[in-house]
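Participant: Here's my sequence, what's the structure:
(chains A, B and C)
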Amino acid sequence: MPELPEVETLAADLRPQLVGRTVTGCDVRFPTIVRHPAPERFTAELVGRRIDAVTRRGKYILHHLDCGRSEDLLLVVHLGMTGQWRCVKPDAPEPDHLHAVVVLDDGCQLRYRDVRRFGRLLLGSEPELVAARKLPRLGPEPLDPDFTAARLYGRLHARRAPLKALLLDQMVVAGVGNIYADESCFRAGVRPDRPANSLSRRAVSRIHSALSTLLREAIANRGSSVDSYRDAWGEMGREQELLQVYGRGGEPCLRCGRPLSVVRLAGRTTVFCRRCQR
DNA sequence: TTAAATTCCTGTAAGC
DNA sequence: TGCTTACAGGAATTTA
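Facilitator: Okay, here's the model as predicted:
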């Protein structure tokens, strides 16, 4: 599943391929993938634009487009669970589940492929997309220097929901999904089912530290390929080899040897160690 | 306002 | 072998 490190890797790989290119065509084959505006307008507004920058916000890839306005016009891509966003030569064989093709002025094609179709494409300025409720009001970036342990504590201490539910909440902190939520709780030694308002400043500080270290490590390893995630070149990341709890329910804890517990939290499978996490 | 439940979607794997 | 069923999960939406 693409979370912050996977999306960061993809955006960094696509950047040199896309910046400076102009969109010359767009073919939306599965219209419900385009959530804003209507697919015909999406195509009409996109064609002719130059891509000035490619950035990431949370789990979203942002393509900043040339337009005569003060605020950026953005092509926004969210990969959902199985989305793939690649730039390929036009003669590359077409895969199954190809839902949209954006043609560039060098002939290359940006292809959106998504087996489960949980992903989405959006076009608009950030304020426009937020106002239209197509983009959530995302919380802080966990790797931003301004995102301190104190700031995380401020976002958690008045909430009764389980810690993990809040780590997954994109309005609390942007970019964390099921893999990195479970892994950061394990590394911090904190049970994911603890009500957030029961956590001490010290515990929140450990979570903050574990999360930032883990995300940096995962970016350095080009993300986790646990399902269908592949980078811009179709290659797997390496971080999945370093995961300590995700996907290991029932197997021995790598720290103490006791079988790892599996519960459901915030609708997600959650794995943790009852001895190492308190 | 917050929290929990439901929905979308299809490939994969388990069970019979 | 072939069928049915459960499961995986991000986030929008609905319900409490």
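Participant: Get me the contact residues on the stretch 51-200 of chain A for DNA strand B.
Facilitator: A:96-97, A:115-118, A:158-162, A:165-166, A:196 (C-beta under 7 Å from any atom of the strand). Where you see a C-beta, it was placed from the backbone N, CA and C, and this is true even at glycine.
Participant: again, only using 6 Å
Facilitator: A:115, A:116, A:117, A:118, A:159, A:160, A:161, A:165 (C-beta under 6 Å from any atom of the strand).
Participant: any idea which of those residues has the most stuff around it?
Facilitator: Using other C-beta atoms under 10 Å as the neighbour test, these are led by residue A:165, with 21 neighbours.
Participant: if you skip the residues just before and after it, what's nearest to it?
Facilitator: Leaving out its chain neighbours, the residue that sits closest to residue A:165 by C-beta to C-beta, 6 or more residues apart in numbering is residue A:266, at 3.8 Å.
Participant: For the closest residue to DNA strand C within the stretch 101-250 of chain A, list the residues it contacts.
Facilitator: The nearest approach of the stretch 101-250 of chain A to DNA strand C comes at residue A:177, 3.3 Å away (C-beta to the nearest atom of the strand). The neighbourhood of residue A:177, defined by C-beta atoms under 8 Å, 6 or more residues apart in numbering, consists of A:1, A:2, A:3, A:4, A:59, A:168.
Participant: Mind checking which of those land in helices?
Facilitator: Judged by DSSP state H, those include A:4, A:168 as members of helices.
Participant: Out of the contacts of residue A:177, grab the one that's most surrounded.
Facilitator: Using other C-beta under 10 Å as the neighbour criterion, residue A:2 leads these with 29 neighbours.
Participant: So which residues of chain A form strands?
Facilitator: Counting by DSSP state E, one finds strands in chain A at the ranges A:23-28, A:34-36, A:51-57, A:60-65, A:73-78, A:83-88, A:98-104, A:109-114, A:120-124, A:261-265, A:268-272.
Participant: I'd like to know which elements the second one is packed against.
Facilitator: Helices and strands in packing contact with strand A:34-36 are listed as strand A:120-124; criterion 3 or more C-beta pairs under 8 Å, 6 or more residues apart in numbering; DSSP states H and E.
Participant: pLDDT (mean, whole number) over the strand it packs on?
Facilitator: Averaged across strand A:120-124, the pLDDT comes to 95.
Participant: Taking the residues of the stretch 51-200 of chain A next to DNA strand B, tell me the two that lie furthest apart.
Facilitator: Greatest spacing in those, by C-beta to C-beta: A:115 and A:160 (36.5 Å).
Participant: where does chain A have low pLDDT?
Facilitator: Judged by pLDDT under 70, chain A has no weakly predicted residues.
Participant: residues from it in reach of DNA strand C?
Facilitator: Contacts of chain A with DNA strand C, taken as C-beta under 6 Å from any atom of the strand, map to A:1, A:59, A:78, A:80-81, A:116, A:118, A:133, A:136, A:168, A:170, A:177-178, A:267-269.
Participant: Relative to residue A:125, which of the residues you listed is nearest.
Facilitator: residue A:133 (14.4 Å).
Participant: quick revisit: save the strands of chain A as TSV, and put in mean neighbour count too.
Facilitator: Formatted as TSV, those follow (neighbours: other C-beta atoms under 10 Å):
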stretch	mean neighbour count
strand A:23-28	17
strand A:34-36	20
strand A:51-57	18
strand A:60-65	22
strand A:73-78	22
strand A:83-88	22
strand A:98-104	20
strand A:109-114	21
strand A:120-124	23
strand A:261-265	15
strand A:268-272	20
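Participant: and of these, who's closest to residue A:43?
Facilitator: Closest among the strands of chain A, once you apply C-beta to C-beta, is strand A:23-28, at 4.4 Å.
Participant: Just name whatever secondary elements that closest one is in contact with.
Facilitator: In terms of contacts (3+ C-beta pairs under 8 Å, 6+ apart), strand A:23-28 is packed against helix A:39-46, strand A:98-104.
Participant: Please identify which of these is closest to residue A:25.
Facilitator: strand A:98-104 (3.6 Å).
Participant: The closest one pairs with which strands, and in what direction?
Facilitator: Looking at strand A:98-104 with DSSP bridges, its partner strands are strand A:23-28 (antiparallel), strand A:109-114 (antiparallel).
Participant: Having no further points to raise, I will conclude here.
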